[in-house]
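> Pasting a predicted model and its sequence here:
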Amino acid sequence: MDKLAESRWITLLRHTVLLLFAAISIYPVLTVVTISLRPGNQLQSTDLSIIPENWSFASYSQLIYEEPFLRWLGNSLLVSLLVTLTGVAMAAIGGYALSRFKFIGRQTTMLAILTTQMFPATMLLLPLYILIAKLHLVNTFFGLMIFYVSTALPFCIWQMKGFYDTIPTSLEEAARIDGCSQMSAFTRVILPLAAPGLVITALFSFMTAWSEYIVAAQVLQESDLFTLPLGIKNFQASMSTQWGLYAAASILVSLPVVIVFLVLSKYLVSGMTLGAVKE
Amino acid sequence: MANAPFKLSRAGRRSRFFVHAKCSLLLAMLGSLSGCQQQDDRKVLTLWHQMVPAERVILNERIAKFEDENPQYRIRALYKETEELRSGFQAAALAGIGPELIYGPSDVLGAFHTMGIVQDMSVLAPALDPADFVDDSLTYLPSHDNPKQLALLQIPDRLGNHLALVYNRNLIASPPTTTDELIELGVKNTLDENKDGRNESYGLVWNFVEPFFAIPFLTGYGAWVFDDSGDPVPALDTPECVAAYELILSLQDKYGIVPRNCDYETADSLFKSGKAAMIINGDWSWADYLNTEGIDAVVAPLPIVSATGLPMAPMVSPKGYSLNAYATPESAAAAMKFVTFATSESAQRELMQKLKILPSRKALHDDPLLTTDPTLLASKQQFANGRMMPVDTELRAVWDAMRPHYQALLGGSVSPQEAAQSMQKDALRAIQLMNRKTDKETAVWAWQLAGILICGALVVWQRKSLLDFLPDFRRQPFAYLLIAPALATIFLTIVFPFFYNLMLSLSDMSLTNFQDWKIIGLANYLEVFSEAKFFTILFKTLIWTVVNVFFHVAIGVMLAIAINGPIRGKAIYRIFLIIPWAVPAYITALTWRSMFHYDYGAINLLASSWPINLVTTNSWFVEFFGSPPFNWLGEPGPAFAACIVANVWLGYPFMMVIALGGLQGIPHELYEAARIDGANRLQQFRNVTLPLLKPVLAPAITLGAIWTFNNLNVVWLVSNGGEPSDQTHILVSYVYKAVFNLYRYGYGAALSMVIFAMLLVTSLVSLHRSKATENVYG
């Protein structure tokens, strides 16, 4: 580890930058916490203290015991995890094809995937309703999944392709010489090395499904099937939002994301070394 | 080499992880499929409503009672926010899957009727006697088939939506009866107790920036949004209007009893915390105030304008149920059964008693409760001198035209006369745009032919690839099989919407041609490019995109590099830094909005506190930026900057995670080699880190730019829909406004296609130059 040791100044600089941005990152969220603890349903306040006067967890307990929050949480977890698994699987193999094979229409495919992200979502409202009606996707998680996977995939595929691109092809060639099939060279050698990419792809797919609202509002017409963003919208109205519940729910919604990130960030470290090529 | 066994064990864990993942995927799939099927033979009726929570409780009780009495039906009530209900219902009804019933105020019915998505209820409710209802509370409009006949479009269960004065009896003994008294009481209660030049409490607050709340002032001077011709012709440029604006302006500038930039939430918070003596707010909010601890809220009618002797009259409107035009006769009959049940006398009495809501049935207006309950009494008095909100679609154009100039007026950049003139001009123009009818019909076959020709040209151009496809597929089917599932999923959902929009962009779909639209050619595209506004907004959008993406990437990469070294507390830092991404943007964007608040926002308080005030009071800083507090949200430039700051905050964690992932792929040996060659840290960064981060960051940057270009939410939430004065729009929020406020679907679709084309060309050029689709090692 000695060769990695850095001067104190560099370490201090790292901590300064990180502390500053950690503070910037959490301050606005602390305000959300404040709103969730404040009695009396206000968005704003004239005092800046983090813990408000007469604070209470009333919003949280109301959310969990009186609102169907846990049901929404379950629905959201189910949908998001399914989307994550499908998305990661499709992106892992799709990205590999784009990175390693020179097939006809490869460039066009890459671009075509990208173009799907260029259309302003505003105008999709109308055709999406028609599509949902025609394909009988109303009130199905399957319908929701198709939309989420296809929303998340373009980025995921590009991202995975980018990661595979940083892995030297000589690794697979070596594996093939050692007697691996093309498939097992991919799953045994390349995939583990692309772990950081898989983590990012997974996190992104999860977030896409976790926070999506517009499509969910079109597909789900049954409050028992609501996902969290849809459920939380119940507390929001143009001039009579239940700020306490809205803020408390937003805080609780972000916890699973942090947990997923914690679990996944273990894999953000890969053992990539150039030495691998020489072996 | 020392850590080789460790690596192996990790790979083993990984493969187990994948086996687990596959199993749980299958299990969960089975679970979700069976979980979705509900066994229930009851006929389901869907109702979209916009009731506040207290009202929802009563609605649900009512529904349960109805289902008890009619076991063959199930009512599925879904809450939708006002705007969402409107836009969602339009789209859903067009697709034929909308709810059977919608519930809300009557003002949207004009548009729904013009679009033909609500149906006449009079034939379905023969037992309904219009004489039982308060005059004008049932909404009738001329039928499409026979203009002499009136179609019943809404049956109300309540009246209201009106503004009144709520005062805090702890601060004011009795409510003002004239505006002079209002000002006097206001001045008395506007206090700067600690003499820091900033008021701690205000005499009067209300949603100052929204023109709906200015209506009582207009009516108090005898003005109204439409002239008295009976047709919906805007009358916004009258001496009465100007006088009303002068009064409003004087409350802010001359008497200083109203805080600057007071939006709905600020007003609400100030009043609830006892920092405002009076608030002007609608009947939806009163119950909340009456129940707020620490204040003694009382509802009173709005005062009389001293200069004219006229009472300030708010807009009033009935709220009730309307029936989807596409409801089948069977479900329409069932829906009517429920409507009759929910608007009955007993239902309305319950609403009146529990929620202090004015009933729409005449019989209930003699109820003793209406004279004994002070809130209901004040509500009734206020309602009596209110003016019915027009159901004409033109009202929407009027709001749209009023808002920017009204806000400019309050910001002090235009005079009342100028504001009134511009409002009138814009309202006339918006109405003309909204109601425009095109008789011109282009031959559809010409467009079909053009489509075929374009496809043909593409085939000829790409003939070589097409011919090579089969042999190539035989040579390496593996490659095609790997990409096929992803492609199929992506294009399943996008192909239809894309071509649908392409068609709309060539059509005249609008309010008046909502269902019978036809292809009219390139007119919409010409209109897009002929508007000077397009280019200004495009320019703003470009700045928005470039600045945002630059800071996302710069901060993200910086943080990733900072955290990727040998330091303690990595895990904690990582969690803190990811938080802006984890917490839903719809609430943090609003938090940022309040942080930019003029009086109470953290940013302004921070700017004038130590040690930052050492910079902000410096003479060069003051010369460049002025001295704090800054009016962030009240002026176009700072408001746009505020949106950017909020969006940068939302976006850097994502780039950090990607950069962090990318850094893992860079072998340490490369740094060692660079060090041996004598490269310093900066050179290492430029020659090792950046080139190897590129393939990983390129997709994120390309897509990040596209997403930022099309990011509606943050701009919309932070600037509250383009405030001030519609100066904080980017192209997508402009599309959103055009489509959903003025129903210009064809125009919106054309603008979307233009956005699409611009992004496509830009990406083509930049990808070609950066070669991001190429392999670094390849």
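Cool, got the structure.
> And what about the spatially closest residue to residue B:281 that is not a sequence neighbour, helix, strand or coil?
Residue nearest to residue B:281 in three dimensions, not counting chain neighbours: residue B:166, with 6.0 Å by Cβ to Cβ, 6 or more residues apart in numbering or on different chains. Yep, even glycine has a C-beta here, placed from its N, CA and C like the rest. Under DSSP: H, G, I helix; E, B strand; the rest coil, residue B:166 falls in the strand class.
> Under the pLDDT cut-off, which ranges of the chain? List them.
I'll assume chain A. For chain A, the stretches with pLDDT under 70 are A:1-6, A:46-48, A:269-279.
> wait, I meant chain B there
Counting by pLDDT under 70, the ranges of chain B that qualify are B:1-39, B:439-442, B:610-611, B:616, B:624, B:627-628, B:771-778.
> so residue A:111 sits in a strand?
No: counting by three-state DSSP, residue A:111 is not part of a strand but helix.
> follow-up on the earlier one: ok now do the residue nearest to residue B:281, which residues does it touch?
Residue B:166 is in contact with B:271, B:278-281, B:285-286, B:289, B:297-300, counting by Cβ atoms under 8 Å, 6 or more residues apart in numbering or on different chains.
> Are any of those buried, and if so which?
Among the contacts of residue B:166, the ones that count as buried by 16 or more other Cβ atoms under 10 Å in any protein chain shown are B:271, B:278-281, B:285-286, B:289, B:297-300.
> Could you export these as JSON lines, including secondary structure and distance to residue B:640?
Output for the buried ones among the contacts of residue B:166, formatted as JSON lines (DSSP: H, G, I helix; E, B strand; the rest coil; distance: Cβ to Cβ, whole Å):
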{"residue": "B:271", "secondary structure": "helix", "distance to residue B:640": "30"}
{"residue": "B:278", "secondary structure": "strand", "distance to residue B:640": "33"}
{"residue": "B:279", "secondary structure": "strand", "distance to residue B:640": "30"}
{"residue": "B:280", "secondary structure": "strand", "distance to residue B:640": "30"}
{"residue": "B:281", "secondary structure": "strand", "distance to residue B:640": "30"}
{"residue": "B:285", "secondary structure": "helix", "distance to residue B:640": "31"}
{"residue": "B:286", "secondary structure": "helix", "distance to residue B:640": "36"}
{"residue": "B:289", "secondary structure": "helix", "distance to residue B:640": "34"}
{"residue": "B:297", "secondary structure": "strand", "distance to residue B:640": "37"}
{"residue": "B:298", "secondary structure": "strand", "distance to residue B:640": "41"}
{"residue": "B:299", "secondary structure": "strand", "distance to residue B:640": "39"}
{"residue": "B:300", "secondary structure": "strand", "distance to residue B:640": "40"}
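> wait, which of these is closest to residue B:214?
Comparing the buried ones among the contacts of residue B:166 against residue B:214 with Cβ to Cβ picks out residue B:280 as the nearest, at 9.9 Å.
> Could you measure from that closest one over to residue A:200?
When distance is defined by Cβ to Cβ, to the nearest Å, residue B:280 is 50 Å away from residue A:200.
> so where do the helices sit in the stretch 51-200 of chain A?
Using DSSP state H, counting those that start in this stretch, the helices of the stretch 51-200 of chain A run over A:58-61, A:69-100, A:106-115, A:125-134, A:141-165, A:170-177, A:182-184, A:191-193, A:195-211.
> Just send these back as CSV, with mean neighbour count too.
Converted to CSV, these look like this (neighbours: other Cβ atoms under 10 Å in any protein chain shown):
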stretch, mean neighbour count
helix A:58-61, 18
helix A:69-100, 23
helix A:106-115, 18
helix A:125-134, 21
helix A:141-165, 26
helix A:170-177, 15
helix A:182-184, 12
helix A:191-193, 21
helix A:195-211, 26
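> Can you give the domain ranges for chain B?
Listed domain ranges for chain B are B:43-159+B:318-384, B:163-313+B:393-435, B:542-597+B:632-728 (source: automatic domain parsing).
> which stretch among the helices of the stretch 51-200 of chain A comes nearest residue B:334?
When those are compared by Cβ to Cβ, helix A:125-134 sits nearest residue B:334, at 20.6 Å.
> so what does that closest one touch, helix or strand wise?
Applying 3 or more Cβ pairs under 8 Å, 6 or more residues apart in numbering or on different chains; DSSP states H and E, we find helix A:125-134 packed against helix A:214-219, helix B:82-95, helix B:477-505.
> what residues does the helix or strand following the first one touch?
This means helix A:214-219. Next helix or strand after helix A:214-219 toward the C-terminus (DSSP states H and E): helix A:228-233. Helix A:228-233 is contacted from outside by A:67-69, A:72-73, A:75-76, A:210-213, A:216-217, A:220, A:223, A:246, A:249-250, A:253, B:79, B:81, B:584, using Cβ under 8 Å, 6+ apart.
> And helix A:228-233, how far out from the chain middle?
Helix A:228-233 sits 17 Å away from the centroid of its parent chain (Cα atoms, centre = their mean, to the nearest Å).
> other SSEs contacting the longest strand seen in chain B?
Using DSSP state E, we find that the single longest strand of chain B is strand B:150-160. Applying 3+ Cβ pairs under 8 Å, 6+ apart, one finds that strand B:150-160 contacts helix B:109-115, strand B:139-142, strand B:315-323, helix B:345-355, helix B:374-384.
> So which of those is the most surrounded?
Among the helices and strands packed on strand B:150-160, strand B:315-323 has the highest mean neighbour count (mean count of other Cβ atoms under 10 Å in any protein chain shown), at a mean of 25.
> What strands flank it, and is each parallel or antiparallel?
Strand pairing for strand B:315-323, determined by DSSP bridges: strand B:101-105 (antiparallel), strand B:150-160 (antiparallel), strand B:387-388 (parallel).
> Would you mind giving the secondary structure of residue B:123?
Assignment for residue B:123 (three-state DSSP): coil.
> What is the burial count for residue B:434?
Residues lying near residue B:434 (other Cβ atoms under 10 Å in any protein chain shown) number 21.
> Quick check: it touching residue B:394?
Yes: with contact defined as Cβ atoms under 8 Å, residue B:434 and residue B:394 form a contacting pair (7.5 Å).
> Spatially nearest residue to residue 69, not counting backbone neighbours?
Unless you meant another one, I'm taking chain A. Per Cβ to Cβ, 6+ apart, closest to residue A:69 is residue A:63, 4.8 Å.
> my question was about chain B
Nearest to residue B:69 is residue B:341, by Cβ to Cβ, 6+ apart, at 7.9 Å.
> That neighbour: helix or strand, and which one exactly?
Using DSSP H and E, the element containing residue B:341 is helix B:329-342.
> Touching that helix from outside, list them.
For helix B:329-342, contacts defined as Cβ under 8 Å, 6+ apart pick out B:43, B:45, B:47, B:59, B:62, B:66, B:69-70, B:73, B:75, B:100-101, B:119, B:121, B:124-125, B:127-128, B:155, B:157, B:321, B:323, B:327, B:347.
> next one: that helix to chain centre, how far?
From the chain centre to the centre of helix B:329-342 is a distance of 32 Å (Cα atoms, centre = their mean).
> and what of stretch B:288-297?
Remark: stretch B:288-297 is offset 29 Å from the chain centroid, using Cα atoms, centre = their mean.
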